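Visitor: I need the structure of the sequence given here:
(one chain, ligands or ions: 1)
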Amino acid sequence: MLKLTNEVRRAICEAGERDYPDETCGFILGRLQDDDGGRVGDGVRAVANAREPEEAHHRFKIEPEDFLRAEREAARAGKDIVGIYHSHPDHPAAPSDYDLDHAWPVYSYVIVAVERGRARELASWRLEDDRSRFANEPVGTAGQAGEQAGEQAGET
Ligand SMILES: [Zn+2]
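Guide: Residues are numbered from 1 along each chain as shown. Now for the predicted structure:
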């Protein structure tokens with residue numbers, strides 16, 4: 001289970017709409033382990049899609065320098081990189097073969113489907129241990145400080 005704060009969910013949807021018809025991408029920061037074993041995403045860090053312009057509508061790429069910067073930033077804030085988000089302009093929120101070839105274990109891969117400029121479905125995927133495919137990871141809502149976390153789990 002990946003629990004996202006409403007702010008993070010909104011930020012990912014807005015980024016997908018802003019960069020449409022290109023793919024948007026960035027990191028989700030938070031905690032890999034929550035008290036009840038789930039992971040929490042409570043921050044985002046947008047990065048520039050490093051794909052060449054003619055490929056950016058169906059591919060994304062994150063430069064190693066951006067990875068390092070995000071890792072340092074997360075560490076400074078006492079957080080982990082829990083995942084990577086990107087958008088699928090006019091395609092479902094399911095990972096492509098390209099996504100599978102470029103995925104790392106551990107991270108949650110959040111995909112937002114953006115249909116004609118409007119963010120629709122949001123889904124999260126985790127690479128299986130043998131890296132042969134992605135498994136769907138349920139997305140829940142992380143409570144704000146002092147609220148009951150996971151209260152709205154299962155909401156899409
Ligand atoms: Zn993709």
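Visitor: so the closest residue to the ion within the chain, which of the three states?
Guide: Residue nearest to the ion within the chain (CB to the ion): D99, separated by 4.1 Å. Every residue, glycine included, has its C-beta placed from N, CA and C. Secondary structure, DSSP: H, G, I helix; E, B strand; the rest coil: D99 is helix.
Visitor: isn't it right up against A123?
Guide: No. Judged on CB atoms under 8 Å, D99 makes no contact with A123 at a distance of 11.8 Å.
Visitor: mutual contacts of those two, please.
Guide: I111 (CB atoms under 8 Å, 6 or more residues apart in numbering).
Visitor: coming back round to it: contacting residues around the residue of the chain closest to the ion?
Guide: D99 touches 86, 109, 111, 125, 134, counting by CB under 8 Å, 6+ apart.
Visitor: which ones among the residues you listed map onto strands?
Guide: 86, 109, 111, 125, 134 (DSSP state E).
Visitor: and the closest residue to the last one other than its chain neighbours, how many residues sit next to it?
Guide: Which is F134. Using CB to CB, 6 or more residues apart in numbering and skipping residues adjacent in sequence, the residue nearest F134 is W125, 4.0 Å away. Burial of W125, expressed as a neighbour count using other CB atoms under 10 Å, amounts to 23.
Visitor: next: L4.
Guide: The number of residues packed near L4 is 28, by other CB under 10 Å.
Visitor: beta partners for it?
Guide: G41, T141 (DSSP bridges).
Visitor: go ahead and confirm it touches V139.
Guide: Yes. L4 lies in contact with V139 (CB under 8 Å); the separation is 6.2 Å.
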